[in-house]
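**Q** How does the following fold in three dimensions:
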Amino acid sequence: MILALAAVVAAAIVLPHVLRLERVSPATAATLWVGALGLRALAAVFTALYVVLFMPATQLFDALTHWCWHTIVPLATTHLGFSGHSVGDAMTTVPSMLLATSAVSIGFGVWRASRAVHRLLTHEAIGAGPDGSVIIGGSDVVVAAAGLARPRLVVSAGALASLDDDELAASLDHEHGHIERRHRYVLLYAEVCRALGRFLPGTSAAVHSLRFELERDADCWALLRSHDRFALASAICKAAIPCGGRGPALASLGGGDVARRVDELVAARPPLSRSRTATLNVLAATGVTLVVALSAAVPLAVIEGSQRAAQSQVKHPCNG
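**A** This is a model prediction of the structure:
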């Protein structure tokens, strides 16, 4: 049962990497990546729980790591005051320390991003702009949605000078799409998953792909407001200059893979067939369902693992 579930999870993680998602709805494609990233994070969490709580209760682990520090390094236990903890105890602390470090890095990264956006909206603001936006200085073409709790539209002086009326209107609606579709929370989720699943190959690529699909989704939002696709493509090209990379707190018009976004806007390829679209929607829903179900199982795994670890600790020869 566990092996079958592991195989399903592995397939769901790999699936978005091998599928061709060029003509897929950006919402469906983003959901596929959301599920894959969540499963990557949960795979790391369950691996750490197994090593910390379940593996010490196995006979193989006990046979391999029953040696105690006071038998291996008598000098350390005699003169340095080390107690008789097992080598296995030291080994099982590593995964929990890695997860704790990842959690700290998540909090610090979000705090730093929020501080950067706050400085942008307060110290760099030079006035009010179109559509309720905030104008900031600088010659770079910057149009962005800034902030997590109360996002604001940000337009640089360079954007006002470089974009014509159609390009500016399309750009602002693109950023409205980020806000209305709550992409900032999806990006925050992605960064959490990146921190927890950073040791799995392909995690950073998955986050990059999710960002690209969110940019596509915002592009579609702007086009649904009767904007010209060529005007939006032109604005994206002009804004394709990095603007500091403030993480989930800032979604910029020039983010994602600009070349691919412009190619999709200009080419205007037809959508997929209904049957394939339905299949991909089912796969995306399955991935998200797995994430929810496995997340709910984490507390149960902690409880059961703690009980087994306590029993194993009592029986261990280093505990007298």
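**Q** packing partners for whichever strand or helix holds residue 29?
**A** If you go by DSSP states H and E, residue 29 is part of helix 26-49. In terms of contacts (3 or more C-beta pairs under 8 Å, 6 or more residues apart in numbering; DSSP states H and E), helix 26-49 is packed against helix 2-18, helix 87-122, helix 183-196, helix 203-223, helix 274-315. In short, each C-beta sits where N, CA and C put it, glycine included.
**Q** Could you measure from the residue nearest the centre of the chain over to residue 203?
**A** Centroid check for the chain by C-alpha atoms, centre = their mean gives residue 190 as the closest residue, at 1.4 Å. Separation of residue 190 from residue 203 (C-beta to C-beta, to the nearest Å): 10 Å.
**Q** shared neighbours of those two, which are they?
**A** Residues touching both residue 190 and residue 203 comprise residue 37, with contact defined as C-beta atoms under 8 Å, 6 or more residues apart in numbering.
**Q** CSV for the helices and strands packed on helix 26-49, including mean pLDDT and distance to residue 137?
**A** What follows is the helices and strands packed on helix 26-49, written out as CSV (pLDDT from 0 to 100; distance: least, C-beta to C-beta, whole Å):
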stretch, mean pLDDT, distance to residue 137
helix 2-18, 92, 40
helix 87-122, 71, 11
helix 183-196, 92, 24
helix 203-223, 94, 25
helix 274-315, 85, 42
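**Q** and of these, who's closest to residue 42?
**A** Across the helices and strands packed on helix 26-49, residue 42 has its closest neighbour in helix 274-315 (4.8 Å, C-beta to C-beta).
**Q** For residue 264, which residues are in contact?
**A** Counting by C-beta under 8 Å, 6+ apart, residue 264 has contacts 22, 216, 219.
**Q** at 10 Å instead, please
**A** The contact partners of residue 264, by C-beta atoms under 10 Å, 6 or more residues apart in numbering, come to 22, 23, 26, 216, 219, 220, 229, 233, 257.
**Q** sorry, back to before: looks like the residue nearest to the centre of the chain contacts residue 37 (just checking).
**A** Yes: here residue 190 reaches residue 37: they are 5.8 Å apart, a contact under C-beta atoms under 10 Å.
**Q** okay, and the common contacts of these two?
**A** With C-beta under 10 Å, 6+ apart as the test, residue 190 and residue 37 both reach 203, 206, 207, 209, 210.
**Q** mind checking how far the helix holding residue 29 is from the chain centre?
**A** 9 Å (C-alpha atoms, centre = their mean, to the nearest Å).
**Q** tilt between that helix and helix 183-196?
**A** Calculated by axes from the mean of the first three to the mean of the last three C-alpha atoms, to 10 degrees, helix 26-49 forms an angle of 30 degrees with helix 183-196.
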